[in-house]
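> Following is a predicted model, sequence given first.
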Amino acid sequence: MIHEKKDKFPANFLWGSASAAYQVEGAWDKDGKGPSVWDVYTKVPGTTYENTNGDVAVDHYNRYKEDVALMAEMGLKAYRFSVAWSRIYPEGRGEVNEKGLQFYDDLINELLKYGIEPIITLYHWDVPQALLDAYGAWESREIIEDFNQYCITVYKRYGDRVKYWVTLNEQNIFIGLGYRSGIHPPGVKDLKRMYEANHIANLANAKAIQSFRKYVPDGKIGPSFAYSPNYALTCCPNDVLAFENAEDLSNNWWMDVYAWGKYPKAAWNYLEKNGLIPTVHEGDFELLAAGKPDFMGVNYYRTTTVEMNPLDGVGEAKMNTTGKKGTTKESGVPGVYKTKRNPHLEATNWDWEIDPQGLRVGMRRIESRYGLPILITENGLGEFDKLEEDEAINDDYRIAYLRAHIEACQDAISDGVELLGYCTWSFTDLLSWLNGYQKRYGFVYVDRDEHDEKELRRLKKKSFYWYKNVIATNGEQL
Ligand code: NOJ
């Protein structure tokens, strides 16, 4: 639809920005924190870009007041951050670490002092290493109760002040990269184990939501899904079928479970025929159905374009983690689909296709299929930024990216989507997991690189001032 007049953003719209503990905090072993799987995995040579890790990251643990003051200066309405499970439970379970709880108390209070709505992510990929050692973390049903206990501890501690919560961040990514391609911890390449671990993560997600109802009855909770809506490369029926396959296996496989507590049938049958479906215990589907979220959290960066893939066609391919444009190869599932470059879209240096309309398409699909409100929990552009001699950072490309995506949000609202808020990724620059520090996303430049932490100075980019005005005008001036 082309709207002659667009609806306005609602008055209470959450203009936000996001981060994750491992990517910003540093202080990886301070004040009683236990190691997470990322603390251990990144120390294995060759796992990350130039062997970078989050030991110091951007030192948010020690500089959170300075960072929150910058958020306040910008007029940010909401800040999404994650709690590091191993700061609260260094061993993953058992003894609680009061100093860890205190850190997030202080952060929350600092945000509230400036009227910034805290949005807590309960899990952003950093499972305590102790649980991996004890029982294989997401591969054991023991984690359901341990995760639940950890969640209850933080609900009880912060639930009086925090009303927006995210359960699992990008389950499809931490499970997919952790157990299929083996490039995230625990570095496993085994499809059967992947689907088993994923089912257990689904149960843990549902259980955490069930407990939430008791401890934070007036709050809202949902997962954050890494949503890459699919397109068929052509209108050839085979490609359209490949598109349906990709939707079922890469999106509905997760979102149907979140929203309805069941897996999409064609994907289930396909996996069953290939010996890949997860073990289901009595009561699993009841629990999944009981974990209905209040919103679908969406992390959106790009769409995926697919065509049919023959039975002897391509499988997994290496990801571009260097920023050398054009190094991504086609990948897919033989007999199901394979990815293609979309000839209508430009891509970033990491080969992520830029597609604001795809965000609108995705939101429309969620609205039609699930009828759930949406919270955009991440959207942003990872690029090389240049610190000029006068200390300016002229990230006009980021402004253009965000502007176009916010326009798409307004279009979606005008289409009838209930959108609660929009969090950019990210507020300050941070560690981009496998991609080091050179892939920057922030409004605030942090002066460090892969090998030199320097003084970790914070410098406002051009986009900082731009987003400030977007917030001040409630999205009227883009
Ligand atoms: C998704 C993840 O949640 C976040 O941690 C990551 O850095 C961004 N996407 C960018 O890749």
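Perfect, I can see it now.

> May I have the predicted confidence score for residue 134?
Looking at residue 134, its pLDDT reads 98.

> pretty sure it is touching residue 92, no?
Yes. With contact defined as C-beta atoms under 8 Å, residue 134 counts as touching residue 92 (7.3 Å). All C-beta atoms are positioned from the backbone trio N, CA, C, and that covers glycine.

> Between those two, which has more neighbouring residues?
Neighbour totals were compared for residue 134 and residue 92, and residue 92 leads with 26 against 16 (other C-beta atoms under 10 Å).

> show me the contacts for the more buried one.
Applying C-beta atoms under 8 Å, 6 or more residues apart in numbering to residue 92 gives the contacts 34, 85, 86, 127, 128, 130, 131, 134, 146, 150.

> and with 10 Å instead?
Contacts for residue 92 (C-beta atoms under 10 Å, 6 or more residues apart in numbering) come out as 34, 36, 85-86, 127-135, 137, 142-143, 146-147, 149-150.

> for it, helix, strand, or coil?
When classified by DSSP: H, G, I helix; E, B strand; the rest coil, residue 92 comes out as coil.

> what's the lowest-mean-pLDDT helix or strand in the chain packed up against?
Lowest on mean pLDDT, DSSP states H and E among the helices and strands of the chain sits strand 332-333, with a mean of 94. Counting contacts by 3 or more C-beta pairs under 10 Å, 6 or more residues apart in numbering; DSSP states H and E, strand 332-333 packs against helix 237-246, strand 304-307, strand 337-340.

> The second one pairs with which strands?
Looking back up the chat, that one is strand 304-307. Take DSSP bridges as the rule and strand 304-307 pairs in its sheet with strand 230-232 (parallel), strand 337-340 (antiparallel).

> Tell me which of the ones you listed sits nearest to the ligand.
Closest approach to the ligand among the strands paired with strand 304-307 (C-beta to the nearest ligand atom): strand 337-340, 17.2 Å.

> Now do the contacts for the single nearest residue of the stretch 201-350 of the chain relative to the ligand.
In the stretch 201-350 of the chain, no residue comes nearer to the ligand than residue 299, which is 5.2 Å away by C-beta to the nearest ligand atom. By C-beta under 10 Å, 6+ apart, the residues touching residue 299 are 18, 166, 169-170, 172-173, 224-228, 376-380, 423, 425.

> Let's have the helices and strands packed on strand 332-333 in CSV, adding mean neighbour count, mean pLDDT and distance to residue 187.
Formatted as CSV, the helices and strands packed on strand 332-333 follow (neighbours: other C-beta atoms under 10 Å; pLDDT from 0 to 100; distance: least, C-beta to C-beta, whole Å):
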stretch, mean neighbour count, mean pLDDT, distance to residue 187
helix 237-246, 19, 98, 25
strand 304-307, 24, 98, 24
strand 337-340, 23, 96, 23
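
> For the stretch 1-150 of the chain, what lies in contact range of the ligand?
Contact residues (C-beta under 6 Å from any ligand atom) of the stretch 1-150 of the chain with the ligand: 20, 23.

> need the next SSE after the longest helix along the chain, C-terminal direction.
Longest among the helix segments of the chain by residue count, using DSSP state H, is helix 191-215. Next along the chain after helix 191-215, taking DSSP states H and E as the criterion, comes strand 220-226.

> hey, C-alpha coordinates of that following strand in CSV?
Written as CSV, here are the backbone C-alpha positions of strand 220-226 (Å, rounded to 0.1, in the frame of the first residue of the first chain):
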residue,chain,number,x,y,z
LYS,A,220,5.6,-7.4,29.3
ILE,A,221,7.9,-10.1,28.0
GLY,A,222,8.9,-11.7,24.7
PRO,A,223,11.8,-13.3,22.9
SER,A,224,14.0,-11.4,20.4
PHE,A,225,14.1,-13.2,17.2
ALA,A,226,16.8,-12.6,14.5
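
> Neighbouring strands of that strand in the sheet, and parallel or not?
Partners of strand 220-226 in its sheet, by DSSP bridges: strand 164-169 (parallel), strand 296-299 (parallel).

> can those strands go into TSV with extra columns for mean pLDDT?
Converted to TSV, the strands paired with strand 220-226 look like this (pLDDT from 0 to 100):
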stretch	mean pLDDT
strand 164-169	98
strand 296-299	98
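
> Switch the ones you listed over to TSV; also include distance to residue 330.
Formatted as TSV, those follow (distance: least, C-beta to C-beta, whole Å):
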stretch	distance to residue 330
strand 164-169	27
strand 296-299	23
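
> Identify the contacts common to residue 134 and residue 92.
Taking C-beta under 10 Å, 6+ apart as the contact rule, residue 134 and residue 92 both touch 128, 142, 143, 146.

> Neighbours of the first one, how many?
As a burial measure, the neighbour count of residue 128 was computed by other C-beta under 10 Å and equals 27.

> Tell me the backbone dihedrals of it, please.
Dihedral pair for residue 128: phi -60, psi 130, per degrees, to the nearest 10.

> Pretty sure it sits against residue 146.
Yes. Assessed by C-beta atoms under 10 Å, residue 128 is found in contact with residue 146 at 8.7 Å.

> what is in contact with the two at once?
Common neighbours of residue 128 and residue 146 (criterion: C-beta under 10 Å, 6+ apart): 85, 89, 91, 92, 93, 134, 137.

> from the residues you listed, which single one is nearest residue 392?
For the shared contacts of residue 128 and residue 146, the residue nearest residue 392 by C-beta to C-beta is residue 85; the value is 38.7 Å.

> From residue 122, how far out is that closest one?
Between residue 85 and residue 122 the distance is 8 Å, computed by C-beta to C-beta, to the nearest Å.
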